[in-house]
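Trainee: Based on what follows, work out the 3D shape:
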Amino acid sequence: MTRIQYNPDAIIVIKSTIPVGFTDSVRAKYHCDNIIYRG
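Mentor: Numbering: from 1, shown residues only. Purely as a prediction, here's the structure:
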């Protein structure tokens, strides 16, 4: 079970050096707009 399945309203913040477009691809993969990048 993923966090998105457990709590679909949770906000997931990605804080690291990631490739351009990674956040958008993860949003699309999990059908979730609550994933944000904060550098």
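Trainee: end to end, how far does stretch 27-39 reach?
Mentor: 17 Å (C-alpha to C-alpha, to the nearest Å).
Trainee: go on, stretch 9-23?
Mentor: 17 Å.
Trainee: which residues touch it?
Mentor: 3-4, 26, 32, 34-39 (C-beta atoms under 8 Å, 6 or more residues apart in numbering). Yep, even glycine has a C-beta here, placed from its N, CA and C like the rest.
Trainee: wait, D33 sits on R27?
Mentor: Yes: between D33 and R27 a contact is recorded at 6.1 Å, counting by C-beta atoms under 8 Å.
Trainee: between the two, who's got more neighbours?
Mentor: Between D33 and R27, counted using other C-beta atoms under 10 Å, R27 has the larger neighbour count: 15 against 8.
Trainee: can you give me how far the longest helix anywhere in the chain is from the chain middle?
Mentor: Criterion DSSP state H: the longest helix present in the chain is helix 22-30. Computed by C-alpha atoms, centre = their mean, to the nearest Å, the separation of helix 22-30 from the middle of its chain amounts to 6 Å.
Trainee: Good, wrapping up.
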